[in-house]
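In: Predicted structure and sequence below. I'll ask about it afterward.
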Amino acid sequence: MERYDPDAIERKWQETWAREGAFLVPNPERADPADPAPRTYVLEMLPYPSGDLHMGHVLNYTLGDVVTHVRRRRGFTVLRPMGYDAFGLPAENAAIREGGHPRLITERNIASIRAQAKRMGWAIDWGREISTHEPEYYRWTQWLFLELYEAGLAYRREAPVKWCPNDQTVLANEQVVEGRCERCGAEVEAKSLEQWFFRITAYADRLLDEMVQLESWPERVLTMQRNWIGRSHGCEVVFEVEGLETGIPVFTTRPDTLFGATFFVLAPEHPLIPELVRGTSQEAAVLDYVRRTAAESAVERADPAKEKTGVFTGRHVANPVNGERLPVWVADYVVLEYGTGAIMAVPAHDERDFAFATRFGLEIRQVVEPADGSAVELPYVEKTGSARSVGSGRFSGLATPDAIREIGAWLEDDGRGKAAVGYRLRDWLLSRQRYWGCPIPIVHCAACGPVPVPRDELPVLLPEVDDYKPRGRSPLAAAESWVATACPRCGAPARRETDTMDTFVDSSWYFLRYADPRNDRAPVAREIADYWLPVRQYIGGIEHAILHLLYARFFTKVLCDLGLLGFSEPFLRLFNQGMIYYLGAKMSKSKGNVVAPDSIVERFGADALRLYILFMGPAEDDKEWQDTGIEGTYRFLGRLWRLALEVAAVGPPAAEPPDGPLVRRAHATIAKVTDDLERRFQFNTPIAAVMELVNDVYLAKDDPAQVRAVRFATETAISLIQPYAPHVAEELWERLGNERLWEQPWPEPDPGLLGRDSFELVVQVNGKVRERLEVEAGLSDPELVELARTLPRIRAHLEGKEPSRVIVVPGKLVNLVVS
RNA sequence: GCCGAAGUGGCGGAACUGGUAGACGCGCUGGACUCAAAAUCCAGUGGGGCUGGGCCCCGUGCGGGUUCGACUCCCGCCUUCGGCACCA
């Protein structure tokens, strides 16, 4: 018999699909978002073209592919595009290390990854391919930047920023993990620099509140985003500075503890400090402390285990609730960027204030106690109704939630405070001092300030430079003839912005461009975006839980507000696939534990790899690659291959419809596979179900009475495995005398053949299985019980006693209970 | 410290709504085919015990509980992984 040769089969069908444009999805003549034609948008996260496909990609795209095939065969038009997140540091670093232009390195990598993706046989509309580094794409990234700029959502300011000394660029907050650069792991440094920001904080509430529009996102991703945004409700209270005509506001969520405030702390970067200490005896000590803090690394400073440091300013403020004098300190445990950069310190009810007070011998005054009056160890941070105020004037005795509300209202009435909301989220720092990114389309003019490049002059092309090495400023700055330009507003000599954009800007809108990838008048035509989007099913790794997903949601909301889109959430359903480990660790080149998809495809074919990557376990779980596992799925395809060829050799089926247990098994398999894929979003168990069906067919295939049933079951197995292994499925389908499986309707189970003729009845005594027997379907409950009771072994276990209770689960079991 | 997820055979995992724990695959064992091997096909495979061939006991991280019945629900722990962490 002819051997299963995946390489030849897979190439044959890949060429067929390409020739026929089988997976191209043109836009309708006139896109009407109200058009009821069933359509859907399946999208995997944009890959960074590192050169080779890795197993994470294989899992990601094969998942999307199964969804795509099933949806297509259920009558949907499926938008399923592909592209590349092509700007970014790895290509630039390679250029520095090995020479060559980042663009050439990137484009070589894209060519390689594209070829590997095509060899996997994914049903992608290659006609919509985009790459973020192409001028035709980044022109619109710049255009969108200008939209945000003109809407007041992109701005430039001097601010404390996180600087990566290794990559020589600033980083967004989201790109700093435990004080280290998320990309390279270097400890970040604190600097104060003039940088570009997106005002994502203006959307903090909507990023939280519009989560209700999401159909299905993993709860942990929503939780991570909620924590990252970190909204907390409280109030702002002003403390007057003694001897100066000024007040300092603080943000607090615990106004009920105001009576327990015993000191006051400013962040070292607080702008009022120089004025506070000018000419005082503490001036030198305070300024020295501020300098020392500035020299500290972010990691050192952020370590909560570190002993607290600080210095007294010599100044006092007045507590607005009782006029008490509170000493003002400067300490680095207060950060400038949160709240107002100043706090009232209540050591009895805050761990950090408590540690500080203990260290410096400051007063600790309890103003909250358990509602039952029992004694507690300080700090006591309880803030539910099980706590109450004490020693707080007329508020004493109030339950804490009431005290928070009452004291807040009282301050607001007196004009000494107001309700306020604090967010952990900071504005998105988007400028980077690196070459290989999208230029920021701004010109700096001495007279006019920052001026947008006119829309019709976009794109601002990346200039050619010889040296990509970062030196604390963008390599673009060295392209003098590019930098020098005329002010678009007044015509005077001016200089171009030399920073480039964070690559997360590029990927914050790419899913829109796919809908209308060749549009040269707009990033996307609104009616076309509204026709296809939002994305119905988004698939990608958990590493983007905050970064990309938060930024993309922000962009979509902004563009919706600007009238460019008719929806404000980009991804209705999100699925996070797990990571693939090998030899106990995440696959990585540096650890040398990479299994290259390439070499697997060469040995076993794309179909076996596609099947194995999903058979390994639940798609959302992390799991371990096993070399013998891929052999198992390869063997299964060989088994299916031999079966189908045998069936084909027997000849075409007789006309009359088949029946019998095997046919019923096939219908049950259809129902199981369909339910797993469509309702449960579970991809490993359908494969097991088809394997079971094939095992059953093997046991029946030599029985002349079952020729028709064998053929039906074999065709069913092929049809059901097609989304996973489309090439071999197509080949076998053809050899069985059929055609174009990829366009065949997804099989439907026949309800009349779903029920079984008989089932295995489990008989329990006191909940323990004592007997199983095959019984015909359709017996009544009393009949089943009677049957069970007469079994010899059951009678032995009953020991002549009468059951005190009888439980019957129809179609499954009988449980006889004796006391 | 706070928040979240997960612990099932030698291994990856299945068991969907509280109803046969271990489907399917890997590995291993035996058999068929073969001069032989590979490939393939068939059968067996959680642990322990008794044994006239079948039966009994134990078993889903640990300890309790609810229930006729618990991998599944409740309470309390342990371990692993992930996120956040001076955010006032």
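Out: Looks like it arrived, so ask away. Numbers count the residues shown, from 1 in each chain, chains lettered A, B, ... in the order given.
In: How about the residues of the stretch 351-500 of chain A by RNA strand B?
Out: Listed as neighbours of RNA strand B in the stretch 351-500 of chain A under the rule Cβ under 7 Å from any atom of the strand: A:352, A:355, A:422, A:424. C-beta coordinates here come from the backbone N, C-alpha and C atoms, glycine included.
In: Let's have the residues you listed in JSON lines, adding pLDDT and neighbour count.
Out: What follows is these, written out as JSON lines (pLDDT from 0 to 100; neighbours: other Cβ atoms under 10 Å):
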{"residue": "A:R352", "pLDDT": "90", "neighbour count": "17"}
{"residue": "A:A355", "pLDDT": "91", "neighbour count": "16"}
{"residue": "A:G422", "pLDDT": "89", "neighbour count": "18"}
{"residue": "A:R424", "pLDDT": "89", "neighbour count": "14"}
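In: Just the ones of these in strands?
Out: The strands, defined by DSSP state E, take in A:G422 from these.
In: Name the residue closest to the centre of chain A, please.
Out: Centroid-nearest residue in chain A, with Cα atoms, centre = their mean: A:A545, separated by 3.2 Å.
In: is it true that it touches A:W217?
Out: No: A:A545 is beyond contact range of A:W217, at 9.6 Å (criterion: Cβ atoms under 8 Å).
In: which non-adjacent residue is nearest the residue of the stretch 651-800 of chain A found nearest RNA strand B?
Out: In the stretch 651-800 of chain A, the residue that lies nearest RNA strand B is A:G767 (2.8 Å; Cβ to the nearest atom of the strand). Of all residues not flanking A:G767 in the chain, A:N815 sits nearest, at 6.1 Å (Cβ to Cβ, 6 or more residues apart in numbering).
In: Got the confidence number for the residue of the stretch 651-800 of chain A closest to RNA strand B?
Out: As predicted, A:G767 sits at a pLDDT of 85.
In: One more: A:P327?
Out: A:P327 is given a pLDDT of 96.
In: Next, the contact list for it, please.
Out: Contact analysis of A:P327 by Cβ atoms under 8 Å, 6 or more residues apart in numbering lists A:263-264, A:312-313, A:315-316, A:362.
In: so where's the stretch 101-250 of chain A shaky on pLDDT?
Out: Counting by pLDDT under 70, not a single residue of the stretch 101-250 of chain A qualifies.
In: again, but for chain A
Out: For chain A, the ranges with pLDDT under 70 are A:297-299, A:304, A:654-656.
In: Show me it divided up by domain.
Out: A:143-204+A:427-503, A:232-422, A:626-753, A:758-817 (automatic domain parsing).
In: For the first one, what is the distance to the chain centroid?
Out: Put simply, domain A:143-204+A:427-503 sits 26 Å off its chain's centre (Cα atoms, centre = their mean, to the nearest Å).
In: And for the residue of the stretch 651-800 of chain A closest to RNA strand B, the neighbour number?
Out: A:G767 is flanked by 9 other residues according to other Cβ atoms under 10 Å.
In: I figured it hits A:L816, correct?
Out: No: using Cβ under 8 Å, A:G767 is not in contact with A:L816; the gap is 9.7 Å.
In: before we move on, back to that, quick one: the residue nearest to the centre of chain A from A:E44, how far?
Out: A:A545 sits 16 Å away from A:E44 when distances are taken as Cβ to Cβ, to the nearest Å.
In: Same question for A:V237.
Out: Taken as Cβ to Cβ, the span from A:V237 to A:E44 is 49 Å.
In: And A:N684, by the same measure?
Out: 19 Å.
In: Between those two, which has more neighbouring residues?
Out: A:E44 (26 against 16).
In: give the contact list for the more buried one.
Out: Here A:E44 is in contact with A:60-61, A:63-64, A:538-540 (Cβ under 8 Å, 6+ apart).
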